[in-house]
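1. sequence-free structure coming up:
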């Protein structure tokens, strides 16, 4: 019988990003734009591209459900946006969701991103 392929956990992906120097978290600011403290940049949706999306579901606790968006800026810097699903989201109001919907997407291979 074939063994199932192990899924990456959120902590494994975040550790890969850290090891590659790409652990730049972006968070929505009070003025409705994404901000990276490590890169000292503020972004509009058109400044970013979502290059990979990971979805994580906890085995037993709905609070463990989250989504991780890997984003690339116009200078080829990789960062990430992390959010929980639904009512567990840290982002209140429509600004976060509206911002995400405006970011263009270009799905990339994981090996390319972590090279």
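-> It's in. Quantities reported herein were computed from a predicted structural model and do not represent experimental measurements.
2. Every contact and neighbour count from this point should use C-alpha atoms.
-> Will do.
3. Which stretches in this protein count as strands?
-> 26-28, 34-36, 41-43, 48-56, 66-73, 78-84 (DSSP state E).
4. closest to residue 110 out of these?
-> Counting by C-alpha to C-alpha, residue 110 lies closest to strand 48-56 out of the strands of the chain; the figure is 7.6 Å.
5. distance of the residue positioned nearest the centre of the chain from residue 54?
-> For the chain, the residue nearest the mean C-alpha position is residue 69 (2.4 Å; C-alpha atoms, centre = their mean). Distance, residue 69 to residue 54, by C-alpha to C-alpha, to the nearest Å: 6 Å.
6. And for residue 70, the neighbour number?
-> 26 (other C-alpha atoms under 10 Å).
7. Not counting sequence-adjacent ones, nearest residue to it?
-> The spatially closest residue to residue 70, leaving aside those adjacent along the chain, is residue 80, at 4.5 Å (C-alpha to C-alpha, 6 or more residues apart in numbering).
8. swap in residue 45?
-> residue 103 (4.7 Å).
9. State the distance from the closest residue to residue 36 other than its chain neighbours to residue 111.
-> Counting by C-alpha to C-alpha, 6+ apart, residue 26 is the residue found nearest to residue 36 once chain neighbours are left out, at 4.6 Å. Residue 26 sits 22 Å away from residue 111, going by C-alpha to C-alpha.
10. between those two, who's got more neighbours?
-> When residue 26 and residue 111 are compared for neighbours, residue 26 comes out ahead with 23 against 7, by other C-alpha under 10 Å.
11. so what pLDDT did that one get?
-> For residue 26, the pLDDT comes out at 95.
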